[in-house]
Structures are given as C-alpha cells and as structure tokens.
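Asker: heads up, no residue letters with this:
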C-alpha cells in the first residue's frame, strides 16, 4: 500500500475501507491519510457513505447513487437519448 501511495503522489484519490478485516481497514486508512487521500466507508445497514476524517460526514446513498453510477462501477455506460418506456 505504501508503494501504491508513492506511485500515485499528487493524484486526487479516495479510498474505500469498507471491505476486509478491521485491522486491514485501519492500516489502509493510516496510509491513505498520510498520503493525503480521502477515506470513506459504506454502511450497508444505514445505506450511507461515511467520509472519515476530523469531522466525519454522512450521506445517504439513495440521494446520490443513480443507475448510471452503479453500472459505470462495473464498466458499463448508458447511451444518451434512451428514454424510459413511460416516455420520461
């Protein structure tokens, strides 16, 4: 992780510490904070993304996550101009 941080110096990076063990997440967070990266955790119980730092910020995923974003996470893109069957 330290090598990755060194190779990405100066880039705007956000690290997701949701997965893995608690020890893994804490170690990754320590490296990320030292590298100046933003760190977040996804709480599936509350459907929130929690940005960690001095003042943690919570944001409901349902307010910001759209199908386009979900599909893009898996490498897909929606074509422009496609309309819903209801015409919306």
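Answerer: Arrived safely, thanks for sending. Computed from a predicted model, the values in this text were never measured in an experiment.
Asker: confidence score at the residue nearest the centre of the chain?
Answerer: Compute the mean C-alpha point of the chain, and by CA atoms, centre = their mean the closest residue is residue 16, 5.1 Å away. Predicted confidence (pLDDT) for residue 16: 90.
Asker: Repeat that for residue 31.
Answerer: 92.
Asker: The nearest residue to it once chain neighbours are set aside - how many residues pack around it?
Answerer: Excluding its sequence neighbours, the residue lying closest to residue 31 (CB to CB, 6 or more residues apart in numbering) is residue 1, at 4.6 Å. From N, CA and C alone the C-beta is placed, and that goes for glycine too. Residues near residue 1, counting by other CB atoms under 10 Å, number 13.
Asker: For residue 1, which residues are in contact?
Answerer: With contact taken as CB atoms under 8 Å, 6 or more residues apart in numbering, residue 1 is in contact with 27, 28, 31.
Asker: quick one, what contacts the residue nearest to the centre of the chain?
Answerer: Contacts of residue 16 were listed using CB under 8 Å, 6+ apart, and they are 40, 41, 42.
Asker: Among the residues you listed, name the ones in strands.
Answerer: Among the contacts of residue 16, the members falling in strands (DSSP state E) are 40, 41, 42.
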